[in-house]
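> Structure for this input, please:
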Amino acid sequence: QVQLVESGGGLVQAGGSLRLSCAASGRTFSSYAMGWFRQAPGKDREFVAAINWSGSSTAIADSVKGRFTISRDNAKNTLYLQMNSLKPEDTAVYYCAAVRTSRGVRTGDREYDYWGQGTQVTVSS
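The predicted structure follows:
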């Protein structure tokens, strides 16, 4: 089992940057594929980015491609989401998620077993 805690959210102007972190408990972080999802008010949760256990493979949603980067540091048990050129439509609660697998990346929210509590990102125009 793994527990996830996000941080790094906040209020930023359009065009600005934020880096989200997701700290994972336990000694087996490298056994998990990880993902970032977001949910805006009144909308369904949507996929943002995913990464495999080693960091060698990633997937990025088209809506954020070229602006967001996912990475992980297994030595620090931490997942990151670097968000650049932020837009008002990026405003949402951002969640990290984990699934124990050594097979590639996962882009569907139903594929994940563990979720953090979320961190609010607000982008002003």
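
> Might you list the low-confidence residue ranges for the protein?
Along the chain, no part satisfies pLDDT under 70.

> if you set the cut-off to 80 instead, what comes out?
Residue ranges of the chain with pLDDT under 80: 26-27.

> Nearest the middle, which residue of it would you pick?
Among the residues of the chain, the one closest to the centroid is Trp36, at 2.4 Å (Cα atoms, centre = their mean).

> Surely that residue touches Tyr94?
Yes - contact status for Trp36 versus Tyr94: in contact at 6.2 Å, counting by Cβ atoms under 8 Å. For glycine as for every other residue, the C-beta is placed from the backbone atoms N, C-alpha and C.

> Between these two, which contacts overlap?
20, 48, 81 (Cβ atoms under 8 Å, 6 or more residues apart in numbering).

> Next secondary structure after the helix or strand containing the first one?
If I follow you right, that is Leu20. Using DSSP states H and E, Leu20 falls within strand 18-24. Using DSSP H and E, the next helix or strand after strand 18-24 towards the C-terminus is strand 32-39.

> rewinding a little: next one: the residue lying closest to the residue nearest to the centre of the chain once chain neighbours are set aside from Gln1, what distance?
Excluding the flanking residues, the one nearest Trp36 by Cβ to Cβ, 6 or more residues apart in numbering is Val48, at 4.3 Å. From Val48 over to Gln1 the distance is 24 Å, taken as Cβ to Cβ, to the nearest Å.

> Settle it for me: which of the two has more neighbours?
More crowded of Val48 and Gln1, by other Cβ atoms under 10 Å: Val48, with 25 against 9.

> Check which residues of the helix or strand harbouring that one are buried.
Assigning secondary structure by DSSP H and E places Val48 in strand 46-51. Residues of strand 46-51 classed as buried by neighbour count (16 or more other Cβ atoms under 10 Å): 47-51.

> Stretch 37-47 now?
Buried positions in stretch 37-47, judged by neighbour count with 16+ other Cβ under 10 Å: 37-38, 45, 47.

> quick one on the thing from earlier: for the strand holding Leu20, packing partners?
Applying 3 or more Cβ pairs under 8 Å, 6 or more residues apart in numbering; DSSP states H and E, one finds that strand 18-24 makes contact with strand 4-7, strand 32-39, strand 78-83, strand 92-100, strand 119-124.
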